[in-house]
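Asks: This is a predicted model, with the sequence first.
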Amino acid sequence: QVHLVESGGGLVQAGNSLRLSCVVSGRTFNTYSMAWFRQADGKEREFVAAITRSGGPTYYADSVKGRFTISRDDAKNTVYLQMSSLKPEDTAVYFCGARRLVGPMHDITTYGYWGQGTSVTVSS
């Protein structure tokens, strides 16, 4: 079984930064592509960023491109989301997802494992 645990969320003022972390249990972390999604109150969960198994290509939603950076450390079984120039509209619960399936990286249905989420609130 694969378990994902996110951390690093909190309350921050607009323009500031936060770094989210997601630790994945097990010894097969490097076989999973990883992604971050977020869900604001009353909205559907949406794609934020993703990184392939090899730590190669990364993918971003247009709304965060240039402000967020996804990375992974396979030695630590951890994926990160560095968020800069935060805006109030970035306020959401951020979820880490893992998958072995192929398909568009933004396709939520291809992610079989999820963490419990970490809350990010950006004040204006």
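Replies: Everything's here; your move. Everything quoted here is computed from the prediction, not taken from an experiment.

Asks: For the residue nearest the centre of the chain, identify the helix or strand it belongs to.
Replies: Taking Cα atoms, centre = their mean as the criterion, W36 is the residue nearest the geometric centre of the chain, at 2.1 Å. Assigned by DSSP states H and E, W36 belongs to strand 33-39.

Asks: what does that strand contact?
Replies: If you take Cβ atoms under 8 Å, 6 or more residues apart in numbering as the criterion, strand 33-39 is touched by 20, 22, 24, 45-53, 70, 72, 79, 81, 90, 92-100, 105-106, 108, 111, 117, 120. For every residue, glycine as well, the C-beta is placed using N, CA and C.

Asks: what bridges to the residue nearest to the centre of the chain?
Replies: Going by DSSP bridges, W36 is paired in beta bridges with A49, C96.

Asks: could you list every residue that touches Q116?
Replies: Going by Cβ under 8 Å, 6+ apart, Q116 touches V5, E6, F95.

Asks: Just the buried ones out of the contacts of strand 33-39, please.
Replies: In the contacts of strand 33-39, burial by neighbour count holds for 20, 22, 24, 45, 47-51, 70, 72, 79, 81, 90, 92-99, 105-106, 108, 111, 117, 120, counting by 16 or more other Cβ atoms under 10 Å.

Asks: Among the residues you listed, which lie within helices?
Replies: Among the buried ones among the contacts of strand 33-39, none falls in helices (DSSP state H).

Asks: Please, where are all the strands along this protein?
Replies: Using DSSP state E, the strands found in the chain span residues 4-7, 10-13, 18-24, 33-39, 46-51, 58-60, 68-73, 78-83, 92-99, 113-114, 118-123.

Asks: can you redo the ones you listed as a markdown table with mean pLDDT?
Replies: What follows is the strands of the chain, written out as a markdown table (pLDDT from 0 to 100):
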| stretch | mean pLDDT |
| --- | --- |
| strand 4-7 | 98 |
| strand 10-13 | 98 |
| strand 18-24 | 98 |
| strand 33-39 | 98 |
| strand 46-51 | 98 |
| strand 58-60 | 97 |
| strand 68-73 | 97 |
| strand 78-83 | 98 |
| strand 92-99 | 97 |
| strand 113-114 | 96 |
| strand 118-123 | 98 |
